[in-house]
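Participant: build me a model from this:
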Amino acid sequence: MQPYLVAIGLLAALVWWFYNTLVAKRNAVENAFASIDVFLKKRFDLVPALVAVVKRYAAHEADTLAKVTEMRARVAGAGSGGSEEQVALGNRVSAGLGRLLVAVEAYPDLKADESFQQLQRTLNEIEEQLSASRRAFNAAVTDFNNAIDMFPGNLMASALRFNRRALLVTPEAERANVNVQDLLKG
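Facilitator: Residues are numbered from 1 along each chain as shown. So this is what the prediction gives:
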């Protein structure tokens, strides 16, 4: 057999292997993002029930309720397909729900309400699952980015037009400690 045919065959096998590896890593990133979407949808569906229960007890918390409801509508309007805008809106819904749950502290009857407790437990569970999904997404993105940034994968990735993906990060404003007293006042 001719040596150049062996070299061409090895090169073709190497390109095939790198391409399939990059496709698998890209698909893992997309799958991880889809998992985030699943939990955002679960939370989206839960918010109206939570708001309805709280409304029964806290009519004067209408501003917080209105903001959470408005953000929920914006998440719905963002569509699907895994946009980072959806995740950012989801983060704002989380912050609004956090403020709402802090405001609930002023209503002992509400805290004792079984349906509210069940909704709160479900929301906490969804938030934990969402957090885990975000971590899985960032791990998949890091693995994908490493594959397309490191030699010799970077040569293949560039030639095959694979591009880096952005990690999900928490905005600086949301990293600050929450001042519960301020939330209760305003």
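Participant: by mean pLDDT, point me to the weakest helix or strand of the protein.
Facilitator: helix 180-185 (a mean of 52; mean pLDDT, DSSP states H and E).
Participant: how about low-confidence regions in the chain?
Facilitator: Confidence mapping of the chain against pLDDT under 70 gives the ranges 1, 53-69, 71-91, 93-95, 97-113, 170-186.
Participant: which one's the longest helix in the chain?
Facilitator: Identified as the longest helix of the chain according to DSSP state H is helix 3-57.
Participant: which other helices and strands does that one contact?
Facilitator: Other helices and strands packing on helix 3-57, by 3 or more Cβ pairs under 8 Å, 6 or more residues apart in numbering; DSSP states H and E, are helix 62-77, helix 84-103, helix 108-112, helix 114-149, helix 153-159. Any C-beta I mention is one placed from the backbone N, CA and C, and that applies to glycine too.
Participant: now do the fourth one against helix 3-57, angle only.
Facilitator: Comparing the axes of helix 114-149 and helix 3-57 via axes from the mean of the first three to the mean of the last three Cα atoms, to 10 degrees yields an angle of 160 degrees.
Participant: the chain should start at 3 in everything you say after this.
Facilitator: Got it, the first residue is 3 from now on, which makes the last one we talked about helix 116-151.
Participant: what comes up buried for helix 116-151?
Facilitator: Across helix 116-151, burial judged by 16 or more other Cβ atoms under 10 Å covers 118, 121-122, 125, 128, 131-132, 135-136, 138-140, 142-143, 146-147, 149-150.
Participant: for that helix, name the packing helices and strands.
Facilitator: The helices and strands touching helix 116-151, judged by 3+ Cβ pairs under 8 Å, 6+ apart, are helix 5-59, helix 86-105, helix 155-161.
Participant: now with 10 Å?
Facilitator: In this structure, helix 116-151 makes packing contacts with helix 5-59, helix 86-105, helix 110-114, helix 155-161, judged by 3 or more Cβ pairs under 10 Å, 6 or more residues apart in numbering; DSSP states H and E.
Participant: how near is the closest residue to residue 27 other than its chain neighbours to residue 35?
Facilitator: Here the nearest residue to residue 27 in space, its sequence neighbours aside, is residue 146; by Cβ to Cβ, 6 or more residues apart in numbering that works out to 4.2 Å. Between residue 146 and residue 35 the distance is 11 Å, computed by Cβ to Cβ, to the nearest Å.
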